[in-house]
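Undergrad: Got a predicted structure plus its sequence, pasted below:
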Amino acid sequence: MTTTTIIILIIIGIAAGMLSGLIGVGGGIIIVPALVYFLSFSQQKAQGTSLGILLLPVGILAVLQYYKQGQVDVRVGLIVSLAFIIGGFFGSKIALMLPETTLKKIFAVVLIIIAIKMLFIDKQEKASTKTTASTSEKLDH
(Lines give C-alpha, C1' and ligand atoms only; values in the text may rest on other atoms or scores of the structure.)
Protein backbone atom coordinates (compact mmCIF):
# COMPACT_ATOMS: atom_id res chain seq x y z
CA MET A 1 0.00 0.00 0.00
CA THR A 2 1.50 3.32 -1.07
CA THR A 3 1.89 6.38 1.13
CA THR A 4 -0.53 8.23 -1.16
CA THR A 5 -3.17 5.54 -0.68
CA ILE A 6 -2.73 5.64 3.09
CA ILE A 7 -3.09 9.45 3.07
CA ILE A 8 -6.28 9.17 0.96
CA LEU A 9 -7.68 6.58 3.39
CA ILE A 10 -6.90 8.79 6.38
CA ILE A 11 -8.60 11.77 4.70
CA ILE A 12 -11.67 9.59 3.92
CA GLY A 13 -11.81 8.42 7.53
CA ILE A 14 -11.44 11.88 9.01
CA ALA A 15 -14.03 13.37 6.63
CA ALA A 16 -16.52 10.57 7.34
CA GLY A 17 -15.86 10.74 11.07
CA MET A 18 -16.23 14.51 11.18
CA LEU A 19 -19.45 14.43 9.15
CA SER A 20 -20.76 11.64 11.36
CA GLY A 21 -19.87 13.49 14.54
CA LEU A 22 -21.20 16.76 13.13
CA ILE A 23 -24.53 15.69 11.66
CA GLY A 24 -24.89 11.97 12.37
CA VAL A 25 -24.13 10.67 8.85
CA GLY A 26 -20.98 9.85 6.98
CA GLY A 27 -20.55 6.14 6.44
CA GLY A 28 -22.26 5.22 3.22
CA ILE A 29 -22.52 8.83 2.12
CA ILE A 30 -18.78 9.49 2.33
CA ILE A 31 -16.87 6.22 2.55
CA VAL A 32 -18.50 4.21 -0.26
CA PRO A 33 -18.28 6.94 -2.95
CA ALA A 34 -14.77 7.92 -1.83
CA LEU A 35 -13.48 4.34 -2.10
CA VAL A 36 -15.09 3.97 -5.54
CA TYR A 37 -13.94 7.31 -6.99
CA PHE A 38 -10.54 7.83 -5.34
CA LEU A 39 -9.31 4.25 -5.02
CA SER A 40 -11.20 2.57 -7.88
CA PHE A 41 -12.93 0.03 -5.62
CA SER A 42 -15.83 -1.90 -7.08
CA GLN A 43 -19.20 -0.93 -5.62
CA GLN A 44 -19.37 -4.27 -3.80
CA LYS A 45 -15.86 -3.98 -2.35
CA ALA A 46 -16.57 -0.39 -1.25
CA GLN A 47 -19.83 -1.46 0.42
CA GLY A 48 -18.22 -4.49 2.06
CA THR A 49 -15.29 -2.45 3.34
CA SER A 50 -17.64 0.29 4.56
CA LEU A 51 -19.64 -2.31 6.46
CA GLY A 52 -16.40 -3.59 7.98
CA ILE A 53 -15.50 -0.08 9.09
CA LEU A 54 -18.86 0.95 10.49
CA LEU A 55 -21.00 -2.05 11.22
CA LEU A 56 -18.65 -4.79 12.31
CA PRO A 57 -20.08 -5.08 15.82
CA VAL A 58 -23.74 -5.03 14.75
CA GLY A 59 -23.39 -6.10 11.13
CA ILE A 60 -20.92 -8.93 11.64
CA LEU A 61 -22.98 -11.41 9.60
CA ALA A 62 -23.23 -9.03 6.64
CA VAL A 63 -19.49 -8.30 6.83
CA LEU A 64 -18.71 -12.03 6.93
CA GLN A 65 -20.73 -12.57 3.74
CA TYR A 66 -18.80 -9.84 1.91
CA TYR A 67 -15.51 -11.09 3.40
CA LYS A 68 -16.13 -14.67 2.23
CA GLN A 69 -16.55 -13.33 -1.31
CA GLY A 70 -13.29 -11.34 -1.07
CA GLN A 71 -15.14 -8.04 -1.00
CA VAL A 72 -13.66 -6.54 2.21
CA ASP A 73 -10.24 -4.89 2.29
CA VAL A 74 -9.26 -5.37 5.94
CA ARG A 75 -6.21 -3.05 5.85
CA VAL A 76 -8.26 -0.24 4.33
CA GLY A 77 -10.99 -0.88 6.90
CA LEU A 78 -8.56 -0.58 9.81
CA ILE A 79 -6.89 2.62 8.56
CA VAL A 80 -10.18 4.38 7.79
CA SER A 81 -11.64 3.19 11.13
CA LEU A 82 -8.81 4.76 13.11
CA ALA A 83 -9.06 8.01 11.14
CA PHE A 84 -12.87 7.91 11.52
CA ILE A 85 -12.47 7.84 15.31
CA ILE A 86 -10.33 11.02 15.18
CA GLY A 87 -12.70 12.73 12.73
CA GLY A 88 -15.71 11.72 14.82
CA PHE A 89 -14.14 13.24 17.91
CA PHE A 90 -13.49 16.60 16.22
CA GLY A 91 -16.79 16.61 14.31
CA SER A 92 -18.72 16.05 17.51
CA LYS A 93 -16.74 18.78 19.30
CA ILE A 94 -17.66 21.23 16.51
CA ALA A 95 -21.29 20.12 16.48
CA LEU A 96 -21.61 20.62 20.22
CA MET A 97 -20.28 24.18 19.91
CA LEU A 98 -22.70 25.16 17.12
CA PRO A 99 -26.23 26.45 17.71
CA GLU A 100 -28.91 23.87 16.88
CA THR A 101 -30.28 26.00 14.05
CA THR A 102 -26.85 26.16 12.38
CA LEU A 103 -26.41 22.42 12.74
CA LYS A 104 -29.84 21.81 11.18
CA LYS A 105 -28.90 24.06 8.26
CA ILE A 106 -25.61 22.21 7.72
CA PHE A 107 -27.47 18.90 7.77
CA ALA A 108 -30.05 20.20 5.28
CA VAL A 109 -27.37 21.50 2.91
CA VAL A 110 -25.54 18.17 2.97
CA LEU A 111 -28.79 16.32 2.20
CA ILE A 112 -29.64 18.74 -0.63
CA ILE A 113 -26.20 18.36 -2.22
CA ILE A 114 -26.46 14.57 -2.09
CA ALA A 115 -30.02 14.65 -3.46
CA ILE A 116 -29.03 16.92 -6.37
CA LYS A 117 -26.11 14.66 -7.21
CA MET A 118 -28.29 11.56 -7.10
CA LEU A 119 -31.13 13.15 -9.05
CA PHE A 120 -29.23 14.99 -11.77
CA ILE A 121 -25.46 14.57 -11.90
CA ASP A 122 -25.37 10.76 -11.78
CA LYS A 123 -27.84 10.60 -14.69
CA GLN A 124 -25.72 12.99 -16.77
CA GLU A 125 -22.57 10.97 -16.08
CA LYS A 126 -24.27 7.72 -17.09
CA ALA A 127 -25.65 9.29 -20.27
CA SER A 128 -22.24 10.64 -21.29
CA THR A 129 -20.63 7.26 -20.51
CA LYS A 130 -23.19 5.48 -22.71
CA THR A 131 -22.59 7.98 -25.54
CA THR A 132 -18.82 7.50 -25.28
CA ALA A 133 -19.21 3.71 -25.19
CA SER A 134 -21.51 3.61 -28.24
CA THR A 135 -19.16 5.93 -30.16
CA SER A 136 -16.22 3.66 -29.30
CA GLU A 137 -18.17 0.59 -30.46
CA LYS A 138 -18.97 2.28 -33.79
CA LEU A 139 -15.31 3.14 -34.31
CA ASP A 140 -14.28 -0.45 -33.54
CA HIS A 141 -16.50 -1.84 -36.33
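TA: Perfect, I can see it now. Numbering: from 1, shown residues only.
Undergrad: Averaged pLDDT, whichever helix in the chain runs longest. What do you get?
TA: If each helix of the chain is counted by residues according to DSSP state H, the longest one is helix 74-97. The pLDDT scores in helix 74-97 average 91.
Undergrad: Quick check: next helix or strand after that helix?
TA: Per DSSP states H and E, the first helix or strand lying C-terminal to helix 74-97 is helix 100-116.
Undergrad: Look up the closest residue to residue 71, ignoring the ones flanking it.
TA: Among residues not flanking residue 71 along the chain, residue 48 sits closest, at 3.8 Å (Cβ to Cβ, 6 or more residues apart in numbering). The C-beta positions use only the backbone N, C-alpha and C, and glycine is treated the same way.
Undergrad: In three-state terms, label the nearest residue to residue 59 once chain neighbours are set aside for me.
TA: Setting aside the residues directly before and after it, residue 59 is nearest to residue 51 in space (Cβ to Cβ, 6+ apart), at 5.3 Å. When classified by DSSP: H, G, I helix; E, B strand; the rest coil, residue 51 comes out as helix.
Undergrad: what does residue 5 give?
TA: Per three-state DSSP, the local secondary structure of residue 5 is helix.
Undergrad: Next one, pLDDT for it please.
TA: 95.
Undergrad: Pull the contacting residues for it.
TA: By Cβ atoms under 8 Å, 6 or more residues apart in numbering, the contact set of residue 5 is residue 39.
Undergrad: Residue 71: how many residues sit nearby?
TA: Here the number of neighbours of residue 71 (other Cβ atoms under 10 Å) works out to 20.
Undergrad: what's the answer for residue 32, then?
TA: Residue 32 has 20 nearby residues by other Cβ under 10 Å.
Undergrad: With residue 117 instead?
TA: Residue 117, neighbours per other Cβ under 10 Å, totals 13.
Undergrad: And residue 20, by the same measure?
TA: Residue 20 has 22 nearby residues by other Cβ under 10 Å.
Undergrad: Now do the buried residues in the host helix or strand of it.
TA: Assigned by DSSP H and E, residue 20 belongs to helix 3-23. Residues 8-10, 12-23 are the ones in helix 3-23 that count as buried (16 or more other Cβ atoms under 10 Å).
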